[in-house]
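Engineer: After the sequence you'll find the predicted model.
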Amino acid sequence: MRHPDWKLIAFVLIVVPLGCNLDSQTLGNGTGSGGSPPSGAGGASGASGASGCSNPAGSGTCGQTDVPIAPLPPDVLIVQSKALSMADGWDDQPCEGGGGCGASSKWSQALSAVTTAVGATDSTINWGLGFYGVSACGTTSTPSVPVGPLSSQAISSAFAANQPATGNPIETAIGDAATYMLTLTDANPKYLLLLTDGLPNCMPGDTSTTADDSLGAEAAILQAKMAGVPTFVVGLATSSDAAVSATLDQMAQGGGEAQAGGSSSYFAATDSASLAAALTAIVGTVTSCTLPLTDAPEQLTNVAVAATDASGRIVKIPQDSSDGWSFTDVNEDAILLNGMACANLRSGAYTNFQFVYACAGVIICIDRGS
């Protein structure tokens, strides 16, 4: 909870270590050049000449405070098909000899792409994994890997321990997955990520894998979305089948996370590269650019936002509603990154975000490390 009166906060002078190069300017209403000192440095007080970071009026008793900020990590449950056809190659044909396609199968390629995507975002996204088609048309209401932080190793192990062998009970799987997600009590945004290589071919309560349950699957995904759990749909080697593509398009649209600017509403993967690209795009979409301010006072005027760029420099993000940062509302409980600032967060080019504030007239400093 944010503190009701920032004037009650006691500020302590911490001299900036020698060797830091500072670029300083009074920010006033949060505009202009400025930002945070290095990690562990508290900034300016009324003592003039503290490494060039002092209150020029000489009367300030409050200096600069840096508050680490970060977006809420989204909760994402991967809903992965175990259909027997996942053992086929990208041409959707069984491999010669009946021994499967090995490393070139859709299953192996999905394992590789998923574990790479999850491993790269292990600390910024809460991942989980659930298989559907656990026996003929059976599903389970409990994921193999519960949604949580740092789950990449568990997901990799669970994926490697399974093999395709069953049908595609998508309707029941989505219902189970959405029900599970709604049991999570955190405030984080929640998503399902469905990976399939064909039509829903299992009716609820039936063991036959020859039915067409497209309408049931579409309804389940729409119901999950209405309950607050949208779904991304990824189709593996499905784009050449018009009937499958039409169904997956409907599922993606009903799930509320249709692909933007693509030739289809769902993410169509035709090889390992396009599958990796689809997962990268989804990761970028679920990564929030809203950063809560839980440890900063309200109604500040002398503020800045800083981040560490890819080269390790601390850089100032301008206050700009189209290409920088802005408060999300008049309560100033959170900031929103816009334009390239949001894109840099999602790509990982910006990390270690800081919200910096001080009394009016106090110089806020950015150590650019140059």
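Structural biologist: Arrived safely.
Engineer: What ranges does the stretch 1-150 of the chain have for its strands?
Structural biologist: Ranges of strands within the stretch 1-150 of the chain are 22-26, 65-68, 75-81, 126-132, 145-148, based on DSSP state E, counting those that start in this stretch.
Engineer: For the last one, which strands pair with it and how are they oriented?
Structural biologist: Read it as strand 145-148. strand 126-132 (antiparallel) (DSSP bridges).
Engineer: Going by neighbour count, which residues of whichever strand or helix holds residue 218 are buried?
Structural biologist: Residue 218 is located in helix 214-226, with elements delineated by DSSP states H and E. Under the neighbour-count criterion of 16 or more other CB atoms under 10 Å, helix 214-226 has 214, 216-222, 224-225 buried. Every residue, glycine included, has its C-beta placed from N, CA and C.
Engineer: sorry, back to before: format the strands of the stretch 1-150 of the chain as CSV; extra columns: mean neighbour count and distance to residue 88.
Structural biologist: Shown next, in CSV, are these (neighbours: other CB atoms under 10 Å; distance: least, CB to CB, whole Å):
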stretch, mean neighbour count, distance to residue 88
strand 22-26, 17, 58
strand 65-68, 18, 48
strand 75-81, 26, 12
strand 126-132, 25, 18
strand 145-148, 19, 25
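Engineer: now those strands in CSV, with mean pLDDT and distance to residue 273?
Structural biologist: Shown next, in CSV, are these (pLDDT from 0 to 100; distance: least, CB to CB, whole Å):
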stretch, mean pLDDT, distance to residue 273
strand 22-26, 36, 42
strand 65-68, 91, 36
strand 75-81, 96, 19
strand 126-132, 94, 22
strand 145-148, 97, 26
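Engineer: among the ones you listed, which is nearest residue 178?
Structural biologist: Nearest of the strands of the stretch 1-150 of the chain to residue 178, taken as CB to CB: strand 75-81 at 8.9 Å.
Engineer: mind listing what that closest one pairs with, with the direction of each?
Structural biologist: strand 126-132 (parallel), strand 190-196 (parallel).
Engineer: Residue 178 is in contact with residue 223, correct?
Structural biologist: Yes - the pair residue 223 / residue 178 is scored as a contact, 7.3 Å apart, by CB atoms under 8 Å.
Engineer: Pull the contacting residues for the residue sitting nearest the centre point of the chain.
Structural biologist: In the chain, the C-alpha nearest the mean C-alpha coordinate belongs to residue 287, at 2.6 Å (CA atoms, centre = their mean). Contact partners of residue 287, counting by CB atoms under 8 Å, 6 or more residues apart in numbering, are 71, 74, 121, 124-125, 345-346.
Engineer: confidence score at it?
Structural biologist: Confidence at residue 287, expressed as pLDDT, is 92.
Engineer: who's residue 290 bridged to?
Structural biologist: Bridge pairing for residue 290 - DSSP bridges - gives residue 336.
Engineer: That one: neighbouring residues, count only.
Structural biologist: 14 (other CB atoms under 10 Å).
Engineer: what are the ranges of the helices in the chain?
Structural biologist: Ranges of helices in the chain, per DSSP state H, are 106-120, 152-160, 170-181, 214-226, 242-255, 272-286, 340-347.
Engineer: which other residues reach the second one?
Structural biologist: Contacts to helix 152-160, defined as CB under 8 Å, 6+ apart, come from residues 78, 80, 110-111, 114-115, 118-119, 122, 127-129, 131, 144-145.
Engineer: Residue 188 touches residue 71, doesn't it?
Structural biologist: No - in this structure, residue 188 is not within contact of residue 71 by CB under 8 Å, at 9.4 Å.
Engineer: Between those two, point out the one with more neighbours.
Structural biologist: Neighbours were counted for residue 188 and for residue 71 using other CB under 10 Å; residue 71 has more, 20 against 17.
Engineer: Just give the nearest non-adjacent residue to that one, would you?
Structural biologist: Nearest residue to residue 71, sequence neighbours excluded (CB to CB, 6 or more residues apart in numbering): residue 288, at 4.1 Å.
Engineer: roughly how far apart are that neighbour and residue 279?
Structural biologist: To residue 279, residue 288 is 18 Å away according to CB to CB, to the nearest Å.
Engineer: Neighbour count for these two, which is higher?
Structural biologist: residue 279 (25 against 21).
Engineer: Name all residues that make contact with the more buried one.
Structural biologist: Here residue 279 is in contact with 113-114, 116-117, 234 (criterion: CB under 8 Å, 6+ apart).
Engineer: quick revisit: and the strands paired with strand 75-81 as TSV, adding distance to residue 64?
Structural biologist: Below are these laid out as TSV (distance: least, CB to CB, whole Å):
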stretch	distance to residue 64
strand 126-132	33
strand 190-196	37
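Engineer: quick one: which of the ones you listed is nearest residue 339?
Structural biologist: strand 190-196 (23.4 Å).
Engineer: Tell me which residues of the closest one come out buried.
Structural biologist: For strand 190-196, by 16+ other CB under 10 Å, it's 190-196.
Engineer: Could you dump those residues into a markdown table and include pLDDT?
Structural biologist: Listed next are those as a markdown table, based on pLDDT from 0 to 100:
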| residue | pLDDT |
| --- | --- |
| 190 | 97 |
| 191 | 98 |
| 192 | 98 |
| 193 | 98 |
| 194 | 98 |
| 195 | 97 |
| 196 | 95 |
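Engineer: Among these, find me the one that's closest to residue 93.
Structural biologist: Once CB to CB is applied, the member of those that ends up nearest residue 93 is residue 196, at 17.6 Å.
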